[in-house]
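In: I'll drop the sequence and a predicted model, then ask my questions.
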Amino acid sequence: MKLTIDDVRQRFQKHLGGEPGSVYASPGRINLIGEHTDYNGGFVFPGAVEQGMIAEIRPNGTRTIKAYSIDLKDYDEFSLDDPKGPKASHFRYIYGVAKEMEKLGVKVMGFDTAFAGDVPLGAGMSSSAALESCYAFAINDLFGDNKVSKMDLAKAGQATEHNYLGLNCGIMDQFASVHGKKGNLMRLDCRSGEFEYFPWNPKGYRLVLVNSCVKHELVGSPYNDRRKSCENVVKAIKAKHPEKKIDTLREATWDELKEVAGDVSAEDLKRATFVLGEKDRVLAVCDALERGDYETVGQKMYETHYGLSKEYDVSCEELDFLNDVAKECSVTGSRIMGGGFGGCTINLVADELYDNFTKTVVKKFKEKYGKEPIIIDVVIGDGSRKLA
Ligand code: GLA
């Protein structure tokens, strides 16, 4: 991380004074493949990155949280007993996590805190999940004797999005932030919660993000509509097959999708088509990885981009352009990463093509849109942890 503990400690001292507190970190994430599958009970393939959030926290023996955002230079105080909580979203994440941890039986008390991050905001690398996971992990350590399981910490972050930010997200981002392990991707079955670590050291290839710098903002976005479409299709299948056990599109088959084509809107059908295709692609990528077949991995990434753009409709002109340039440069795989509507593409690039691709994509994007996209070399890092 570029961000250091000392930076955070200094600001904490300046804005909150007194004795030092404990320091915690939690990362953002990438996802190799499996987008919008998490809330559909499917598989995802994320890994934590080196960039993340760092927070210094010192319990203050009251019911009030005093919080300073170093990046936004913003301070607020809010009581754990005030049902409304703070207004600004960066503070609502902290308030929400504290309330969700209380629901899990942790006797949360007030604290003084300062926090900062180096996950680029709006890049689709889950800076919000990094923040939530950082506080969930810290609260568990400071007030909960570390009794809450890692998966429940991730769920507390997800519930914060649902209950305090209004985003009905899946579990992928918070899961990845809490469970990340250096050098490893993780395949998570979002229905059962089972997961496996996959060592990630593709010989001859690397993962590169290209940040379009089109700010992706999921809260208040059409993300929730996408989720609703999937639920509508599940309902339609259930209506045709009352005996079938189906909670999410994970349980839906291609035949059933065809059967309900006339019962749902064309838009809902298209979106569900993407999800069924994406389920198949994640499994194909897992098989390909076991064979060391990166060409197939890359081809599936392009297919995912096509689906996210043309079926799920979460792309934008700039992301499609980045994808086209990747293709022109013979990049092995490229696609929108995360929820969409802006942010980054993730690219699987052969080592010998790296220089040409990164130079070309920056140049062409700048020519067309007047600003440079940002290249981020992916380094897979550790999950939530105590630093000091
Ligand atoms: C966002 C959400 C995740 C997931 C992705 C799309 O990052 O927070 O739960 O749905 O979008 O894969």
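Out: Everything's here; your move.
In: Number of residues surrounding the closest residue to the ligand within the stretch 1-150 of the chain?
Out: Residue of the stretch 1-150 of the chain nearest the ligand, by Cβ to the nearest ligand atom: Glu35 (3.7 Å). Yep, even glycine has a C-beta here, placed from its N, CA and C like the rest. Using other Cβ atoms under 10 Å, the number of residues around Glu35 comes to 29.
In: can you check the one 5 residues further on too?
Out: Here the neighbour count serves as a burial measure; for Asn40 (other Cβ under 10 Å) it reads 28.
In: roughly how far apart are the nearest residue to it once chain neighbours are set aside and Ser221?
Out: For Asn40, ignoring the flanking residues on the chain, the nearest one in space by Cβ to Cβ, 6 or more residues apart in numbering is Leu249 at 4.2 Å. Counting by Cβ to Cβ, to the nearest Å, the gap between Leu249 and Ser221 amounts to 20 Å.
In: And those two? Which one has more around it.
Out: A count of neighbours by other Cβ under 10 Å puts Leu249 above the other of Leu249 and Ser221, at 28 against 16.
In: and the more buried one, what does it touch?
Out: Leu249 is in contact with Asn40, Gly41, Gly42, Cys230, Val233, Val234, Ala272, Val275, Leu276, Lys279, counting by Cβ atoms under 8 Å, 6 or more residues apart in numbering.
In: switch to 10 Å and redo it
Out: Shown in contact with Leu249 (Cβ atoms under 10 Å, 6 or more residues apart in numbering): 36-37, 39-42, 229-231, 233-234, 237, 256-257, 271-272, 274-276, 278-279.
In: Against Asn146, how distant is it?
Out: As judged by Cβ to Cβ, Leu249 and Asn146 stand 35 Å apart.
In: Which positions within stretch 376-388 qualify as buried?
Out: Judged by neighbour count (16 or more other Cβ atoms under 10 Å), stretch 376-388 contains these buried residues: Ile376, Val378, Ile380, Gly381, Asp382, Gly383, Ser384, Arg385.
In: And what about the residue nearest to the last one when sequence neighbours are not counted, helix, strand or coil?
Out: Beyond its immediate neighbours in the sequence, the residue positioned closest to Arg385 (Cβ to Cβ, 6+ apart) is Ala25, lying 5.9 Å away. Secondary structure, DSSP: H, G, I helix; E, B strand; the rest coil: Ala25 is strand.
In: Ala25: neighbour count?
Out: Ala25, neighbours per other Cβ under 10 Å, totals 26.
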